[in-house]
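Student: I'll drop the sequence and a predicted model, then ask my questions.
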Number of protein chains: 2
Amino acid sequence: MKLYTYFRSSAAYRVRIALNLKGLAYEAVPVHLLRDGGQHLAQEYLAVNPSALVPALQDDAIVLSQSMAILEYLEEAYPATPLLPQDLVGRARVRELAQIIGCDIHPVNNLRVLKYLVKHLGQDEQAKTDWYRHWIIEGFRSLEAHLARNPGTGTFCHGDSPTIADCFLVPQVFNAKRFDIDVTAYPTIARINDLCVDLPAFKAAHPSQQPDAE
Amino acid sequence: MKLYTYFRSSAAYRVRIALNLKGLAYEAVPVHLLRDGGQHLAQEYLAVNPSALVPALQDDAIVLSQSMAILEYLEEAYPATPLLPQDLVGRARVRELAQIIGCDIHPVNNLRVLKYLVKHLGQDEQAKTDWYRHWIIEGFRSLEAHLARNPGTGTFCHGDSPTIADCFLVPQVFNAKRFDIDVTAYPTIARINDLCVDLPAFKAAHPSQQPDAE
């Protein structure tokens, strides 16, 4: 299995966590988003993923982009160490929590969006930082409310073992901290993150532990 | 089943298509995003979905937000008229296609993001329109490449019956046309959309056919 990854990409970070939790070995193929004018924009990578985004996973005959689709694929292809609950309602909730991060927070703060703010809208560093923080704060407020009100929340986002939701949560908290957001304002998020980051699967997936880390 | 919906929300439009394809009756509860300072921001709706976004689905004891999570739930709870293929690779691909729209295009063009451009970044109508069009054009270029290169593409996005990917595609094309994007520049997208919009399930889900349409 090959994972096209960038150490700092939080979408790639999600997949690395899931691969580690499931104990699946993979070859990391670094795609540097800033070097060579963006290695993700090179023809070689576009042949892998025409969307020019990381991550992409190659496994046997399949080449797959989109982190949520990759996690669902891993769950179906490698069901040992499940990352979705067995029950219908639990599965739905885990997907909902993951997508609050994957749809409502992360896409708006994607590198290409930040670049557009500067290049086409003439925004400065401060405006870019305010933008980044705004969407995390909005999203964490929602996510915290979803987590705090639901009895399904356990030591992890759902129940007492890691799920896809935790694979999404930890990289987003990592981004939040990089931008000096006080995560303790979201006590359930902070508590779950603190638990996760000490686990070996999450530790090994951390940006600083990647072969392409700077 | 109750669907909290707004006629023009493309995330709600996806769910309406899926409900119709599966032949599931539902009560539409309109949540007007512009009226009363945004009915999605009222306490009454926040009790349903603390994320203050439509759609949300209530079915028996479950209240669920996030359109992709809702579609996966419907697929598991009501497996008749499946909207995901039976095979692992096909399922992965359908999710990938849906998420190219659901993660890479739609969130960046969400109403609250457009509002931020105007309110906090001082952008005018033209800049807002350029932004909107830019992310659809980028996304459609990717999606067209994914569709055109893969032999799995049939009369629909995947194979010869509608899937979750088509539930995502049609509302996004609707948005593109509202902003005068020449969809014929993406021939596979245009062809699939033209086929879908004539089907009763898609027709009945169209914004103009909703009880809250203006």
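Tutor: Done, it's in. Numbers count the residues shown, from 1 in each chain, chains lettered A, B, ... in the order given.

Student: Report the buried residues of the longest helix along chain A.
Tutor: Ordering each helix of chain A by length in residues (DSSP state H) puts helix A:125-149 first. The neighbour-count check on helix A:125-149 (16 or more other CB atoms under 10 Å in any protein chain shown) flags A:127-128, A:131-132, A:135-147 as buried. Where C-beta positions appear, they are placed from N, C-alpha and C, glycine not excepted.

Student: OK, contacts around A:Y73?
Tutor: A:57, A:59, A:62, A:64, B:88, B:91-92, B:95 (CB atoms under 8 Å, 6 or more residues apart in numbering or on different chains).

Student: repeat for A:L111
Tutor: A:L33.

Student: picking that back up, name the residues that touch the longest helix of chain A?
Tutor: A:96-97, A:100-101, A:104-105, A:108-109, A:114, A:117-118, A:123, A:153, A:157, A:169, A:172, A:175-176, A:179-181, A:183, A:185-189, A:192, B:46, B:50-52, B:112, B:116, B:120-121.

Student: Can you report the mean pLDDT over the residues of that helix?
Tutor: In this model, helix A:125-149 carries a mean pLDDT of 97.

Student: just how off-centre is that helix within its chain?
Tutor: Mean-position distance between helix A:125-149 and its chain equals 15 Å (CA atoms, centre = their mean, to the nearest Å).

Student: same deal with stretch A:54-61?
Tutor: Worked out by CA atoms, centre = their mean, stretch A:54-61 lies 16 Å from the chain centre.

Student: Quick check: buried residues in that stretch?
Tutor: Using 16+ other CB under 10 Å as the test for burial, stretch A:54-61 gives A:54-59.

Student: just to revisit the earlier point, go through the contacts of A:Y73 and flag which are in strands.
Tutor: Within those, residues falling in strands by DSSP state E are A:57, A:59, A:62, A:64.

Student: Isn't A:V113 up against B:N109?
Tutor: No - counting by CB atoms under 8 Å, A:V113 stays clear of B:N109, with 10.8 Å between them.

Student: Please say which of the two ends up with more neighbours.
Tutor: Set A:V113 next to B:N109 and count neighbours by other CB atoms under 10 Å in any protein chain shown: B:N109 wins out with 22 against 19.

Student: all helices of chain A, in order?
Tutor: Using DSSP H, helices in chain A cover A:10-21, A:43-48, A:67-77, A:88-99, A:111-119, A:125-149, A:164-178, A:187-197, A:200-205.

Student: And the contacts of stretch A:46-55?
Tutor: A:3-6, A:9, A:11-12, A:15, A:31, A:33, A:38, A:40-41, A:45, A:56, A:58, A:63, A:65, A:67, A:70, B:100, B:104, B:141-142, B:145-146, B:149.

Student: hey, C-alpha coordinates of that stretch in PDB?
Tutor: Extracted in PDB, the C-alpha atoms of stretch A:46-55 (Å, rounded to 0.1, in the frame of the first residue of the first chain):
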ATOM      1  CA  LEU A  46      -2.000  14.500 -11.500                       C
ATOM      2  CA  ALA A  47      -1.900  11.000 -13.100                       C
ATOM      3  CA  VAL A  48      -2.400   9.700  -9.600                       C
ATOM      4  CA  ASN A  49      -5.000  12.200  -8.400                       C
ATOM      5  CA  PRO A  50      -6.400  14.700 -11.000                       C
ATOM      6  CA  SER A  51      -7.700  16.800  -8.100                       C
ATOM      7  CA  ALA A  52      -4.100  17.800  -7.200                       C
ATOM      8  CA  LEU A  53      -4.700  17.200  -3.500                       C
ATOM      9  CA  VAL A  54      -3.200  14.900  -1.000                       C
ATOM     10  CA  PRO A  55      -3.700  12.300   0.300                       C
END
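
Student: From B:L114, how far off is the residue of chain A most remote from its centre?
Tutor: In terms of distance from the mean C-alpha position of chain A, A:G122 ranks first, at 28.4 Å (CA atoms, centre = their mean). For A:G122, the distance to B:L114 equals 18 Å [CB to CB, to the nearest Å].

Student: Likewise for A:V94?
Tutor: Taking CB to CB, one finds A:V94 at 30 Å from B:L114.

Student: Counting neighbours, go ahead and name the busier of these two.
Tutor: Applying other CB under 10 Å to A:V94 and B:L114 shows that A:V94 carries more neighbours, namely 25 against 16.

Student: quick one, what contacts the more buried one?
Tutor: Contacts of A:V94 by CB under 8 Å, 6+ apart are A:84-85, A:157-158, A:163-165.

Student: Repeat the analysis, applying 10 Å as the threshold.
Tutor: Each residue near A:V94 by CB atoms under 10 Å, 6 or more residues apart in numbering or on different chains is listed here: A:83-85, A:152, A:156-159, A:163-168, B:69.

Student: filter these to the buried ones?
Tutor: A:83-85, A:152, A:156-159, A:163-168, B:69.

Student: Of the residues you listed, which is the nearest to A:P211?
Tutor: When these are ranked by distance to A:P211 (CB to CB), A:C167 comes first, at 20.2 Å.

Student: and of the helices of chain A, who's closest to A:D212?
Tutor: helix A:10-21 (10.2 Å).

Student: and the closest one, is it in reach of chain B?
Tutor: Yes - shown here: helix A:10-21 in contact with chain B (CB under 10 Å from any CB of the partner chain) through A:A11.
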